[in-house]
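1. dropping the sequence and predicted coords here.
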Amino acid sequence: MRSALVAVPAAVLLVFLTPSPADAVQHGISRTFTVPTARTATHTIYCPGREHVHSGGAQISPPGRNYMASTHPTEDRKGWSVTTAPFPGTHEGRTVTLYALCA
């Protein structure tokens with residue numbers, strides 16, 4: 001299952017895929033990436049071990065100058081990816097914090 005979003009304002013966006021089995025222990029993971037220039041960039045985080053991702057999202061800073069071009073689980077459902085890009089006229093870099101819910 002893929003979810004794609006176009007020109008979503010730079011905010012936290014969580015996309016929920018499927019509920020976990022009753023015995024699965026869900027936990028969140030996150031990682032912050034720095035994009036030093038105004039360019040499109042894709043980042044991915046992976047769930048530990050044999051766990052699978054159940055939802056994910058991202059936060060971009062500074063807000064209002066960048067957007068999420070896409071956010072979705074990886075093909076193997078073991079991680080979450082986000083592609084961010086600057087709005088036209090933006091010249092500085094950004095910080096992207098990527099979140100995933102794993103179980």
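-> Arrived safely. Numbering: from 1, shown residues only.
2. residue 93: how many residues sit nearby?
-> Neighbour count of residue 93, defined by other CB atoms under 10 Å: 17. The way it works is simple: take the backbone N, C-alpha and C, and place the C-beta from them, glycine included.
3. buried residues, stretch 62-71. List them.
-> 65-71 (16 or more other CB atoms under 10 Å).
4. using CSV, list the CA coordinates for it.
-> This file holds the C-alpha atoms of stretch 62-71, laid out as CSV (Å, rounded to 0.1, in the frame of the first residue of the first chain):
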residue,chain,number,x,y,z
PRO,A,62,11.5,25.9,8.9
PRO,A,63,7.8,25.6,8.2
GLY,A,64,6.3,27.5,5.2
ARG,A,65,9.4,27.2,3.0
ASN,A,66,9.3,23.5,2.2
TYR,A,67,6.8,20.8,1.5
MET,A,68,6.4,17.0,1.6
ALA,A,69,6.3,15.7,-1.9
SER,A,70,5.5,12.1,-0.8
THR,A,71,5.4,10.0,2.4
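5. what about that stretch, average pLDDT?
-> Stretch 62-71 shows a mean pLDDT of 94.
6. and stretch 26-46, by the same measure?
-> 96.
7. off-centre distance for it?
-> Put simply, stretch 26-46 sits 7 Å off its chain's centre (CA atoms, centre = their mean, to the nearest Å).
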